[in-house]
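Undergrad: the sequence isn't on hand, but the structure is:
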Ligand SMILES: [Zn+2]
């Protein structure tokens, strides 16, 4: 699996696209994944994390 957040483990989720004429078709919502460095036990590690996790880490 490639498009997975390495911090929270979330991946794409399903939903529906709704057109102006109200027709519905399936679609997937991808995570906004970014490469970032996190510190684990004093060691820096490069991971792909979703922006939600990056924001959470910044606030701490
Ligand atoms: Zn995440």
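TA: That came through, no problem. In this text the structure is predicted, and so the values were computed from the model without any measurement. Residues are numbered from 1 along each chain as shown.

Undergrad: identify the residues contacting the helix or strand hosting residue 49?
TA: According to DSSP states H and E, residue 49 maps onto strand 43-50. With CB atoms under 8 Å, 6 or more residues apart in numbering as the contact definition, strand 43-50 has outside contacts at 4-8, 10, 31-39, 57. Every C-beta, even on glycine, is put in place using the N, C-alpha and C of the backbone.

Undergrad: tilt between the next helix or strand along the chain from that strand and strand 43-50?
TA: Next helix or strand after strand 43-50 toward the C-terminus (DSSP H and E): helix 51-59. Calculated by axes from the mean of the first three to the mean of the last three CA atoms, to 10 degrees, helix 51-59 forms an angle of 140 degrees with strand 43-50.

Undergrad: is any residue of helix 51-59 near the ion?
TA: Yes - counting by CB under 5 Å from the ion, the ion has neighbours in helix 51-59: residue 53.

Undergrad: helices or strands up against that helix?
TA: Applying 3 or more CB pairs under 8 Å, 6 or more residues apart in numbering; DSSP states H and E, one finds that helix 51-59 contacts strand 33-40.

Undergrad: now do 10 Å
TA: strand 33-40, strand 43-50 (3 or more CB pairs under 10 Å, 6 or more residues apart in numbering; DSSP states H and E).

Undergrad: can you redo those as CSV with distance to the ion, mean neighbour count and mean pLDDT?
TA: Shown next, in CSV, are the helices and strands packed on helix 51-59 (distance: least, CB to the ion, whole Å; neighbours: other CB atoms under 10 Å; pLDDT from 0 to 100):
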stretch, distance to the ion, mean neighbour count, mean pLDDT
strand 33-40, 8, 12, 90
strand 43-50, 4, 14, 93
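
Undergrad: dump those to JSON lines, plus distance to residue 27.
TA: JSON lines is the format used below for the helices and strands packed on helix 51-59 (distance: least, CB to CB, whole Å):
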{"stretch": "strand 33-40", "distance to residue 27": "18"}
{"stretch": "strand 43-50", "distance to residue 27": "18"}
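
Undergrad: thanks a lot, see you next time.
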